[in-house]
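**Student:** Structural data only, the sequence is not supplied:
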């Protein structure tokens, strides 16, 4: 018959009180019940754990050794239990988030910072990629949730509209357009435009085709490098970079940012959160709850599963 954790706890409490009567009162059980369980434990182990005298109950030498081990076992069991409960509530574990926009400023940065403050024991892992790559990663369970610009019609799982970001251009500081407070799409027709193939690059290509027309889109200069390298190229005079406001939090030598406007105000790209309905990661639910809390006016689905 295996030793139960309750037997270990009762033995520890009996030692703490040095009196079976007081220990039984602390446990809210009969003294006879406690005495019978302790004798049963001693019989199972084949060793006397306690000396019982008129002055009280004290552990024997063997009992002290047993109780030291019992405390370690109880401590480890409580630690494991607390860890599993925390993980089941999504308060620890790991959450993999797909992104394809800069984190130097904006809503995505603020959301991730708040999440880490609320759930510091969750290991947050970020995966970068284009919208198509991130959707594929979702489908293969490589990521738990992805934030994608302009939606994705082929996704058949769960989705939630979250925020929008203004479209900006990164300009060389000595460029004539840098003297303007805002820039309109027509101002870019004759410019060399740097377009990333990574991240939201495909969305930018569609946007440029829509705003400038395919035949008037200037010279689109495609590069398969990260945002920081593209901004360095802008500072070196290679051209103008189309980006999102999330990129404006970083400073690069010789680079300045300006919003791109239409007739009714800044051009914006809308962002959506995507995840699988069958995702069983407990850390996903509190993250989604926080996102809905931050953007309640954009929440159209009350079921976070």
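**Tutor:** Thanks, I have it. Treat the numbers as computed from the prediction; the structure is a model and nothing was measured.
**Student:** What segments of the protein are helices?
**Tutor:** 5-17, 20-27, 31-45, 61-88, 107-118, 131-139, 201-212, 227-235, 284-294 (DSSP state H).
**Student:** Could you tell me how far the longest one lies from the centre of the chain?
**Tutor:** Offset of helix 61-88 from its chain centre (CA atoms, centre = their mean, to the nearest Å): 30 Å.
**Student:** Could you list every helix and strand that that helix packs against?
**Tutor:** helix 5-17 (3 or more CB pairs under 8 Å, 6 or more residues apart in numbering; DSSP states H and E). Heads up, the C-betas are built off the backbone N, CA and C, glycines and all.
**Student:** In CSV: the helices of the chain, plus mean neighbour count.
**Tutor:** Below are the helices of the chain laid out as CSV (neighbours: other CB atoms under 10 Å):
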stretch, mean neighbour count
helix 5-17, 17
helix 20-27, 17
helix 31-45, 15
helix 61-88, 13
helix 107-118, 15
helix 131-139, 19
helix 201-212, 18
helix 227-235, 19
helix 284-294, 18
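**Student:** Could you export those as a markdown table, including distance to residue 154 and mean pLDDT?
**Tutor:** Compiled in a markdown table, those are given as follows (distance: least, CB to CB, whole Å; pLDDT from 0 to 100):
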| stretch | distance to residue 154 | mean pLDDT |
| --- | --- | --- |
| helix 5-17 | 51 | 89 |
| helix 20-27 | 61 | 89 |
| helix 31-45 | 63 | 90 |
| helix 61-88 | 32 | 86 |
| helix 107-118 | 22 | 93 |
| helix 131-139 | 7 | 90 |
| helix 201-212 | 13 | 86 |
| helix 227-235 | 26 | 92 |
| helix 284-294 | 21 | 92 |
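**Student:** How many neighbouring residues does the residue nearest to residue 151 when sequence neighbours are not counted have?
**Tutor:** Distance criterion CB to CB, 6 or more residues apart in numbering; nearest residue to residue 151, sequence neighbours excluded, is residue 272 at 5.2 Å. If you count neighbours by other CB atoms under 10 Å, residue 272 ends up with 19.
**Student:** In this structure residue 222 contacts residue 198, no?
**Tutor:** No: counting by CB atoms under 8 Å, residue 222 sits too far from residue 198 to count as a contact (10.3 Å).
**Student:** These two: which is more packed in?
**Tutor:** Legend: neighbour count by other CB under 10 Å for residue 222 and residue 198, higher for residue 198 (17 against 11).
**Student:** In contact with the more buried one: list those residues for me.
**Tutor:** Residue 198 sits next to 100, 128, 129, 130, 224, 225, 226 when contact means CB atoms under 8 Å, 6 or more residues apart in numbering.
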